[in-house]
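J.: I'll drop the sequence and a predicted model, then ask my questions.
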Amino acid sequence: MDKDRADKDNSRQYDRIMKNTGLFGVIQGLMLVINIVRNKFVAKLIGTAGFGINESFNRSLNFIKSTTDLGLPFSAVRSVSECMEDDRAGQLAESILVTRTWAFITALSGALLCVLLSGVFSLWAFDGDRLYTLSFMLLSPSVFFSAITGGEMAILKGLRLLRQIAVSQLAVAILTCCISIPLFFHYGVKGLVPSIVLVSLATAVVTCCYSFKAFPYRISPFSKSVIRKGFGMIRIGVYFMVTSFFSSGAFAIIANWLMNNGNADVTGKYGAGYQMVAWLGMFVFAAMESDYFPRLSSVNGDNARVTEMVNSQAEVALLLMSPMVVGFIVFLGPIVHILLTEKFMDAVPMASLAAINLIFKSMTQPMAYIALAKGDSRTFLLQELLYDAFFVAAVILAYKWGGLDMTGLAITVAAVFDIVSVGTITGKRYGFRFSGQVLKMLLLQVPVVCLALFSAMCLDGPWRWIAGCAMLAASAWISIYMLGKYSDYLSVLKQKIRNKLRL
């Protein structure tokens with residue numbers, strides 16, 4: 001009887017993971033299509049110079065946001081989730097009050113910093129040019145709105161209002177097109193600043209519409225007790241902020257090194273290849289921050305439940321990601337033709353080799369969240385620093401050894417190092433181990449992915465496509481069989497589709 005109950009619980013857990021991963025995967029796909037359409041229009045309306053100015057604005061604003069929000073959009077999720085799991089209504093309301101109060105404080109601080117240092121940001125972002133000082137002053141409301149959005153989104157995640165999160169993200173993508181395209185059409189490059197501000201306002205309004213329905217808005221910025229209660233949340237957030245800073249620094253070091261030791265063309269192709277792989281990963285990983293991390297945080301004191309939840313998440317992520325990686329490798333050439341241009345075809349081998357890293361990341365990412373869910377920020381920081389250092393060294397050495405193509409292999413090697421280092425640290429600190437089931441799935445899928453890579457890089461003509469499609473079919477069959485074995489979600493989904501087709 002206990003075994004039957006455990007099997008049903010496991011099946012429900014698989015169903016939930018697949019359902020939410022599918023939901024956010026579909027939303028990511030729609031957002032990607034919308035952004036591609038938007039970028040096509042924007043490229044024609046403001047040109048490459050406008051794109052460059054927009055990128056400089058966004059890079060600077062992201063730096064201001066990430067250094068003034070104190071990691072609150074991430075750390076607040078844990079606090080709200082814990083209260084939600086224990087059904088502590090009073091403490092839940094208090095946690096939300098603390099989150100909103102600190103979000104308001106960081107929003108004001110960020111906007112004020114943007115105004116006071118507008119001249120410095122203009123000099124930094126535009127190579128010593130003060131011409132954009134007024135623009136940065138006018139962009140300060142964007143920093144304010146983004147901080148408010150971060151706090152409200154953390155509340156939605158902590159309350160596990162996943163459908164509202166998904167719908168709001170899609171609505172924001174659509175609104176971004178509706179706001180920016182008309183502004184660029186009428187004002188050209190001069191529409192950049194109002195576009196950024198209005199998009200951030202629209203994002204805040206959409207997010208607040210959902211979060212305010214769940215909990216009416218209240219803040220207490222002058223209450224010492226409320227501010228004091230947020231110190232624990234901020235402490236965790238600051239560690240996460242430092243981690244993000246070092247991760248961004250690792251990418252900046254690689255970009256600068258490639259620019260100095262290669263050229264702008266090499267740097268651009270590396271960036272494009274890495275970005276395409278990152279896009280692919282978001283189809284599966286987008287659900288982890290919104291669904292998985294809040295659930296993991298809610299049971300962080302029970303190591304047995306943590307282990308069970310991490311293994312279930314890793315299994316589903318691995319099985320969903322593997323066929324996607326195979327398909328990506330097989331059809332990457334046509335993908336580059338559609339999304340980019342012929343000039344970026346040289347990035348195909350690099351991106352193909354880098355895509356394999358997503359297989360290992362599917363296992364590492366659920367495990368890496370354990371430290372954050374437990375509030376062990378130092379361990380999380382250690383894990384990320386080890387990876388960032390190895391990642392930078394591996395990419396630089398690989399480029400020296402074999403050029404751009406080998407940087408893709410370096411990214412995958414860094415992912416293998418990451419799973420070993422995080423697994424060792426997590427095992428010693430929390431007693432976590434991957435189940436035999438996860439390792440079995442890894443051993444089944446990795447050879448198929450490697451054969452797909454071999455066929456894409458070593459075969460020509462029709463044999464390349466025949467072998468590639470065969471590997472895609474094999475990987476998909478393994479995943480469907482395994483997912484169907486442990487979950488009823490696919491059969492239920494299939495029945496729903498059949499019923500609708502009959503209608």
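T.: Nice, thanks for sending it over.
J.: all helices of the stretch 301-450 of the chain, in order?
T.: 303-330, 332-339, 348-355, 357-373, 377-402, 404-430, 436-458 (DSSP state H, counting those that start in this stretch).
J.: which residues touch the third one?
T.: Residues outside helix 348-355 that contact it (C-beta atoms under 8 Å, 6 or more residues apart in numbering): 269-270, 272-274, 276-277, 280, 325, 328-329, 332-333, 336, 404-409, 411-412, 453, 456-457. Any C-beta I mention is one placed from the backbone N, CA and C, and that applies to glycine too.
J.: narrow those residues to those that are buried.
T.: Buried members of those, scored by 16 or more other C-beta atoms under 10 Å, are 269-270, 272-274, 276-277, 280, 325, 328-329, 332, 336, 404-409, 411-412, 453, 456.
J.: my guess is Phe126 contacts Tyr132. True?
T.: Yes: between Phe126 and Tyr132 there is a contact under C-beta atoms under 8 Å: 5.5 Å.
J.: flag every buried residue along stretch 295-303.
T.: Buried residues in stretch 295-303, counted by 16+ other C-beta under 10 Å: Arg295, Leu296, Ser297, Ser298, Val299, Asn300.
J.: which phi and psi does Leu159 have?
T.: phi -80, psi -10 (degrees, to the nearest 10).
J.: what pLDDT does Val206 get?
T.: Each residue has a pLDDT score; the one for Val206 is 94.
J.: list the buried residues for the helix or strand hosting it?
T.: For Val206, the enclosing helix or strand under DSSP states H and E is helix 192-214. Neighbour counts using 16+ other C-beta under 10 Å place 192-193, 195-208, 210-211 of helix 192-214 among the buried residues.
J.: what packs against it?
T.: Contacts defined by 3 or more C-beta pairs under 8 Å, 6 or more residues apart in numbering; DSSP states H and E place helix 192-214 against helix 2-68, helix 133-138, helix 140-158, helix 162-187.
J.: next, the angle from that helix to helix 140-158.
T.: 30 degrees (axes from the mean of the first three to the mean of the last three C-alpha atoms, to 10 degrees).
J.: secondary structure class of Arg218, three-state.
T.: coil (DSSP: H, G, I helix; E, B strand; the rest coil).
J.: so what's it closest to, chain neighbours aside?
T.: Leu97 (5.7 Å; C-beta to C-beta, 6 or more residues apart in numbering).
J.: need the phi and psi values for that neighbour.
T.: According to degrees, to the nearest 10, Leu97 has phi -60, psi -40.
J.: can you get me a residue count around it?
T.: 19 (other C-beta atoms under 10 Å).
J.: wait, it sits on Pro216?
T.: No: counting by C-beta under 8 Å, Leu97 does not reach Pro216; the two are 10.7 Å apart.
J.: picking that back up, closest one to Gly423 among the helices and strands packed on helix 192-214?
T.: Ranking the helices and strands packed on helix 192-214 by proximity to Gly423 (C-beta to C-beta) places helix 2-68 first, at 20.6 Å.
J.: distance between the following helix or strand past the closest one and the chain's centre?
T.: The helix or strand immediately downstream of helix 2-68 is helix 72-85, counting by DSSP H and E. Its chain's average C-alpha position is 18 Å from that of helix 72-85, according to C-alpha atoms, centre = their mean, to the nearest Å.
J.: helix 72-85 - contacts with which helices or strands?
T.: helix 89-116, helix 140-158, helix 231-261, helix 293-298, helix 357-373.
J.: and the longest one, what's buried?
T.: Read that as helix 231-261. 233-234, 236-241, 243-244, 250, 254, 258.
J.: if you average pLDDT per helix and strand, which one of the chain comes out bottom?
T.: When the helices and strands of the chain are scored by mean pLDDT, DSSP states H and E, helix 489-502 comes last with a mean of 61.
J.: neighbouring contacts of stretch 387-399?
T.: Against stretch 387-399 from outside (C-beta under 8 Å, 6+ apart): 246-247, 249-250, 253-254, 257-258, 261-262, 406-407, 409-411, 413-414, 417-418, 421-422.
J.: same question for stretch 436-454.
T.: Counting by C-beta under 8 Å, 6+ apart, residues outside stretch 436-454 touching it are 311, 314-315, 318-319, 322, 325-326, 329-330, 352-353, 356, 359, 363, 467-468, 471-472, 474-475, 478-479, 482.
J.: tally of neighbours for Lys343?
T.: Lys343 has 12 nearby residues by other C-beta under 10 Å.
J.: how near is it to Leu32?
T.: Separation of Lys343 from Leu32 (C-beta to C-beta, to the nearest Å) stands at 21 Å.
J.: how far does whichever helix or strand comes after the helix holding Val206 sit from the chain's center?
T.: Note on helix 192-214: by DSSP H and E, the next helix or strand toward the C-terminus is helix 224-229. Chain-centre distance of helix 224-229: 31 Å, with C-alpha atoms, centre = their mean.
J.: what is helix 224-229 packed up against?
T.: helix 89-116.
J.: mean confidence for the helix it packs on?
T.: 90.
J.: how about stretch 389-402?
T.: In the prediction, stretch 389-402 has an average pLDDT of 93.
J.: again with stretch 454-462
T.: 89.
J.: got the CA positions of that stretch in PDB?
T.: Output of stretch 454-462 as PDB, limited to C-alpha atoms (Å, rounded to 0.1, in the frame of the first residue of the first chain):
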ATOM      1  CA  PHE A 454      29.500  12.900 -35.600                       C
ATOM      2  CA  SER A 455      27.000  12.700 -38.400                       C
ATOM      3  CA  ALA A 456      26.600  16.500 -38.500                       C
ATOM      4  CA  MET A 457      30.300  17.200 -38.600                       C
ATOM      5  CA  CYS A 458      31.700  14.300 -40.500                       C
ATOM      6  CA  LEU A 459      29.100  13.100 -43.100                       C
ATOM      7  CA  ASP A 460      28.000  14.900 -46.200                       C
ATOM      8  CA  GLY A 461      25.000  14.800 -48.500                       C
ATOM      9  CA  PRO A 462      21.900  12.700 -47.800                       C
END
